[in-house]
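In: sequence and predicted structure are below.
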Amino acid sequence: MSEIHALSGAYAVDALDPAERLLFEQHLATCADCRAEVDSLREAAAMLPETTLAEPPPALRERLLADISKVRPLPPVVETTPLPARETAPPAEVTSLDSRRRRLRPALVAAAAVAALIAGGVVASQPWNDDSGSQQTQLTAADRVLKDPDAQHVLKEFPDGATATVVHSEAEGKAVLLTSRMPSAPNGKVYELWLQKDGVMVPAGLMPDKADQTVLLSGDANDASAVGITVEPAGGSDKPTSAPIALFELEGA
Amino acid sequence: MTGIAPVPSDGTASGGPGAPDLGELFRRSARGDESAFAAVYDATAARVHGLVLRVIRDPAQAEEVTQETFLEAWRIASRFDPDRGSALSWLLTLAHRRAVDRVRSAEAASRRDATYHDQSVTVAHDSTAEAATTAIETQRVRQAMRTLTDVQREAIELAYFGGYTHTEVATMLDLPVGTAKTRIRDGLIRLRDSLGVTA
């Protein structure tokens, strides 16, 4: 069993950190075995509240029923495709998640890595994630950056064949890092991302330990002059403790 | 605690043996049927609120999150997919995610300080002290939990009821980094098989 499958249990009980969660949801989009396992483990976890029953106060019921009368239920999920235009969207129809996944899967294989990652994220976010969660926000923000036709792309190639690309969307004020064949950080270390602002490196998040990934950098990228990657002790640092292994200069800052 | 409604059907909803199951109540809710949603609430509120309260601990905040969870469930009821699991599991997944998000955002600043280790001791040892109930289902789940190894049970309780990440759980239980996720998974698999639940 590969390393990523082992995250199914922790995912089912929301025990992954945000970067792992994003990673695992991308994996879920293409792994039917893991989807089935997560579903079954969630059923098991859902039995645990039998041991912590607690009735809410009656007033809560009254407030809730008053509230729902003011909130319109969302329509069912209908066919929409986040893939590029050559994937013609079929007429709007109600489809089950599984049939959508079956249809998307060949596209995931065929499409460019970026498009596949976007599609994966979006597919995985339905229907178990409510769409107001932070994860969804993050996916949507990364999605928007990657789709911005005016975004700036800065590619770095490493001697061992790994590549990393920073995509900076001025319209979104955000930067996304895409990596390919990235080797793991040394034992006990982690890759940390930085936005360089006025010559100071500001932490912008940690990179999950995965060769191929899409990471949305936290913070406003528009006033940054560069994006950096450093190797830091596990957990990350408040300021870099080593020279960047890659520095991506951004235009217009 | 007595008088907890069984899931999926509920005598106070439409009553009688023909009472609709929770999945059907969600489908009606998605069409704007407020009385169907009231029946969902009556059948599940003790489970949802008990879970949220257990994770968050502060009663006022827990009530907020319980209310938000149900409001969200009403709003996205159409997204429930019976092919992927039970309606109760779907609802509790929403509740758990929200409860965990709440404690993590509230504690983000102080997560790494020593106090959370003190909390973990409490979490690990008071896990069966609440909600003394004689419900058969409760006993069945407790029994199933006893079939887990101590480490599996503690890891699941810290993750599920404590809202901690698997790396935090590993530290709390003095496990090598990366093994808590395996304990959580193994424990859930054993729990699943012991309870005979399927998605």
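Out: Perfect, thanks for sending it.

In: nearest residue to the residue of chain B found nearest chain A in space, please, no chain neighbours.
Out: Closest residue of chain B to chain A, CB to the nearest CB: residue B:185 (2.8 Å). Just so you know, the C-beta spots here come from the backbone N, C-alpha and C atoms, and that holds for glycine as well. Spatially, and ignoring its direct neighbours in sequence, residue B:185 is nearest to residue A:9 (2.8 Å; CB to CB, 6 or more residues apart in numbering or on different chains).

In: which residues touch the helix or strand that contains the one you found?
Out: Using DSSP states H and E, residue A:9 sits in helix A:8-12. By CB atoms under 8 Å, 6 or more residues apart in numbering or on different chains, the surrounding residues in contact with helix A:8-12 are A:16, A:20-21, A:24, A:28, A:34, A:37-38, A:41-42, A:44-45, B:159, B:165-166, B:180-182, B:184-189.

In: hang on, residue B:94 in a helix?
Out: Yes: counting by DSSP: H, G, I helix; E, B strand; the rest coil, residue B:94 is part of a helix.

In: surely it meets residue B:75?
Out: No: with contacts counted by CB atoms under 8 Å, residue B:94 stays clear of residue B:75, the gap being 10.5 Å.

In: stretch B:164-181 vs chain A: in contact?
Out: Yes: using CB under 8 Å from any CB of the partner chain, stretch B:164-181 reaches chain A at B:164-167, B:169, B:177, B:180-181.

In: any regions of the chain where pLDDT drops low?
Out: I'll assume chain A. Low-confidence segments of chain A (pLDDT under 70): A:1-2, A:79-139, A:159-161, A:252-253.

In: I was thinking of chain B, sorry if that wasn't clear
Out: Scanning chain B with the threshold set as pLDDT under 70 gives B:1-20, B:108-134.

In: 50 - rerun?
Out: For chain B, the stretches with pLDDT under 50 are B:1-2, B:8-17, B:109, B:111-134.

In: how about the helices in the stretch 51-200 of chain A?
Out: With helices called from DSSP state H, counting those that start in this stretch, the stretch 51-200 of chain A shows them at A:58-68, A:97-110, A:113-124, A:134-147.

In: ah, wrong one, I meant chain B
Out: With DSSP state H as the criterion, chain B has helices at B:22-30, B:34-56, B:59-75, B:87-107, B:115-125, B:136-146, B:150-156, B:166-172, B:180-195.

In: is it possible to export those to a markdown table including mean neighbour count and distance to residue A:142?
Out: Formatted as a markdown table, these follow (neighbours: other CB atoms under 10 Å in any protein chain shown; distance: least, CB to CB, whole Å):
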| stretch | mean neighbour count | distance to residue A:142 |
| --- | --- | --- |
| helix B:22-30 | 22 | 29 |
| helix B:34-56 | 23 | 28 |
| helix B:59-75 | 20 | 23 |
| helix B:87-107 | 21 | 19 |
| helix B:115-125 | 14 | 30 |
| helix B:136-146 | 16 | 39 |
| helix B:150-156 | 22 | 31 |
| helix B:166-172 | 22 | 23 |
| helix B:180-195 | 23 | 24 |
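
In: quick check: which of those is nearest to residue A:190?
Out: Closest to residue A:190 of those, according to CB to CB: helix B:166-172, at 11.5 Å.

In: chain center to the closest one, what's the gap?
Out: In terms of CA atoms, centre = their mean, to the nearest Å, the centre of helix B:166-172 is found 20 Å from the chain centre.

In: same check on stretch A:212-221?
Out: With CA atoms, centre = their mean as the basis, the mean position of stretch A:212-221 lies at 9 Å from the chain mean.

In: list the buried residues for it?
Out: When burial is assessed from 16 or more other CB atoms under 10 Å in any protein chain shown, stretch A:212-221 yields the following buried residues: A:212-219, A:221.

In: these in helices, which ones?
Out: Reading helices off these, I find no matches (DSSP H).

In: any idea how far residue A:234 lies from chain B?
Out: Taking CB to the nearest CB, to the nearest Å as the measure, residue A:234 falls 8 Å from chain B.

In: contacts only, for that residue.
Out: A:188-190, B:177.

In: before we move on, back to that, make a markdown table from the helices of chain B and add distance to residue A:227 to it.
Out: What follows is the helices of chain B, written out as a markdown table (distance: least, CB to CB, whole Å):
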| stretch | distance to residue A:227 |
| --- | --- |
| helix B:22-30 | 43 |
| helix B:34-56 | 36 |
| helix B:59-75 | 35 |
| helix B:87-107 | 26 |
| helix B:115-125 | 32 |
| helix B:136-146 | 47 |
| helix B:150-156 | 37 |
| helix B:166-172 | 26 |
| helix B:180-195 | 30 |
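
In: closest one to residue A:164 among those?
Out: Here helix B:166-172 is closest among the helices of chain B (CB to CB), at 24.5 Å.

In: which other helices and strands contact that closest one?
Out: Packing contacts for helix B:166-172, counted by 3 or more CB pairs under 8 Å, 6 or more residues apart in numbering or on different chains; DSSP states H and E, involve helix B:115-125, helix B:180-195.

In: cutoff 7 Å now
Out: helix B:180-195 (3 or more CB pairs under 7 Å, 6 or more residues apart in numbering or on different chains; DSSP states H and E).

In: can I get the helix it packs on as PDB, trimmed to CA atoms?
Out: Extracted in PDB, the C-alpha atoms of helix B:180-195 (Å, rounded to 0.1, in the frame of the first residue of the first chain):
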ATOM      1  CA  ALA B 180      -0.600   7.500  14.600                       C
ATOM      2  CA  LYS B 181      -2.400   7.600  11.200                       C
ATOM      3  CA  THR B 182      -1.900   3.900  10.900                       C
ATOM      4  CA  ARG B 183      -3.300   3.300  14.400                       C
ATOM      5  CA  ILE B 184      -6.300   5.500  13.600                       C
ATOM      6  CA  ARG B 185      -6.900   3.600  10.300                       C
ATOM      7  CA  ASP B 186      -6.500   0.200  11.800                       C
ATOM      8  CA  GLY B 187      -8.700   1.100  14.800                       C
ATOM      9  CA  LEU B 188     -11.500   2.400  12.500                       C
ATOM     10  CA  ILE B 189     -11.300  -0.700  10.300                       C
ATOM     11  CA  ARG B 190     -11.700  -2.900  13.400                       C
ATOM     12  CA  LEU B 191     -14.500  -0.800  14.700                       C
ATOM     13  CA  ARG B 192     -16.200  -0.900  11.300                       C
ATOM     14  CA  ASP B 193     -15.900  -4.700  11.100                       C
ATOM     15  CA  SER B 194     -16.900  -5.200  14.700                       C
ATOM     16  CA  LEU B 195     -20.000  -3.000  14.300                       C
END
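
In: that'll do, ta.
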